[in-house]
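**Student:** Next input, structure requested:
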Amino acid sequence: MQESSIVKLAAEAGKIILENGGETYRVEETINKICYSYEVEFVESFVTPTGIMVSTFTSSGKNISVIRRIKKRSVDLEKIYKVNELSRDIAERKLSPEDFQIKLQEINSNLRYNSITTLFYSGIAASAFTLLFNGGFSDAIVAFIIGVVIKYITSLISDYKINPFFINIIGGAITSIMALSSVAMGIGQDVDTIIIGSIMLLVPGIAITNAIRDTIAGDLLSGVSRGVEAVLVAIAIAIGSGVVISLWQNIFGGVF
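**Tutor:** Below you'll find the predicted structure:
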């Protein structure tokens, strides 16, 4: 396999890591490790949350540059782990570039948990957070239902390529209206605890963590951009919840 193909393969491995919640420094390390393992020298990589740039010089002095645009981001730590493990074991497994490409495609095509499992554990997470914030058993039950509904609707909306900012606004609005309605009907007890526990599903924990880690690692551009992303997500959640609570207060004369 030619050096240009190896560089493209390394960029693809980095793309998988970045799309699934990996830090930018981890992506750069993986790209460089893959290139060096296949004896591609003089490699430079520059990674941001929305793009990957890799450049190298061949032994004949030819420059090879590869750019990969990141258009979607999710969280799948298993894929990150498997790509990292694969990149470290190239020499030990004696993987040819062709074998590496096949295994990389297998990792990228692996399906996550099915929708029923995802919805169930989204509900479990919401109810657990509600209990953690001193909510009652009835509040946890309501939070479980809200968590399932939020996950289902946000996943459904995401399939239509809607901007994540608006998805989080919708998620925050659904959380508040369901929490307020449940307390009004006497099902839940503490509307604040239900909202806080359920809304934790939307909180950008990975973005905040990666922003701190990238900043500490010296990737200031990525750290700042991820931090801004986390702030915008928080603002979107606040807008969705705040608008519903404000309308409820104006219509019904108060919040429970």
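
**Student:** Which pLDDT value does the model give Ile162?
**Tutor:** Listed pLDDT for Ile162 reads 81.

**Student:** is it true that it lies in a strand?
**Tutor:** No. Looking at Ile162 with DSSP: H, G, I helix; E, B strand; the rest coil, it is coil, so not inside a strand.

**Student:** Quick one: low-confidence residue ranges for the stretch 51-200 of the chain.
**Tutor:** Along the stretch 51-200 of the chain, segments meeting pLDDT under 70 span 58-60, 91.

**Student:** how about the helices in it?
**Tutor:** 77-88, 90-93, 97-109, 115-132, 137-158, 164-184, 191-199 (DSSP state H, counting those that start in this stretch).

**Student:** And those helices: which comes nearest Ile6?
**Tutor:** Closest to Ile6 of the helices of the stretch 51-200 of the chain is helix 97-109 (Cβ to Cβ; 5.6 Å). Every residue, glycine included, has its C-beta placed from N, CA and C.

**Student:** Please report the distance of the closest residue to Ser37 other than its chain neighbours from Asp192.
**Tutor:** Distances taken as Cβ to Cβ, 6 or more residues apart in numbering put Ile90 closest to Ser37, at 4.1 Å, once the chain neighbours are dropped. With distances taken as Cβ to Cβ, to the nearest Å, Ile90 is found 52 Å from Asp192.

**Student:** more crowded one of those two?
**Tutor:** Comparing Ile90 with Asp192 by other Cβ atoms under 10 Å, the one with more neighbours is Ile90, at 18 against 14.

**Student:** Contacts only, for the more buried one.
**Tutor:** Applying Cβ atoms under 8 Å, 6 or more residues apart in numbering, we find Ile90 in contact with 33-34, 37-38, 100.

**Student:** which ones among those residues are found in helices?
**Tutor:** Counting by DSSP state H, the contacts of Ile90 place 33-34, 37, 100 in helices.

**Student:** Out of those, the closest to Ala230 would be?
**Tutor:** Of the ones in helices among the contacts of Ile90, the one sitting nearest to Ala230 (Cβ to Cβ) turns out to be Lys33, at 28.5 Å.

**Student:** Touching, the closest one and Leu86? I think so.
**Tutor:** No. Contact between Lys33 and Leu86 fails when scored by Cβ atoms under 8 Å: they sit 10.3 Å apart.

**Student:** and the two? which has more neighbours close in?
**Tutor:** Leu86 (19 against 16).

**Student:** what about the more buried one, distance to Leu111?
**Tutor:** For Leu86, the distance to Leu111 - Cβ to Cβ - is 18 Å.

**Student:** Please identify the helix or strand for the closest residue to Ala173 other than its chain neighbours.
**Tutor:** Of all residues not flanking Ala173 in the chain, Gly240 sits nearest, at 3.9 Å (Cβ to Cβ, 6+ apart). Using DSSP states H and E, Gly240 maps to helix 220-252.

**Student:** Do me a favour and average the pLDDT over that helix.
**Tutor:** Helix 220-252 comes out at a mean pLDDT of 90.

**Student:** and the direction of it versus that of helix 164-184, what angle?
**Tutor:** Using axes from the mean of the first three to the mean of the last three Cα atoms, to 10 degrees, the direction of helix 220-252 lies 40 degrees away from that of helix 164-184.

**Student:** Now do helix 220-252 against helix 191-199, angle only.
**Tutor:** Using the same axes, to 10 degrees: helix 220-252 against helix 191-199 is 140 degrees.

**Student:** which parts of helix 220-252 are buried?
**Tutor:** 222-223, 225-227, 229-230, 233-234, 236-237, 239-241, 244-245, 248 (16 or more other Cβ atoms under 10 Å).

**Student:** does Val47 belong to a helix or a strand, and which?
**Tutor:** Using DSSP H and E, the element containing Val47 is strand 43-48.
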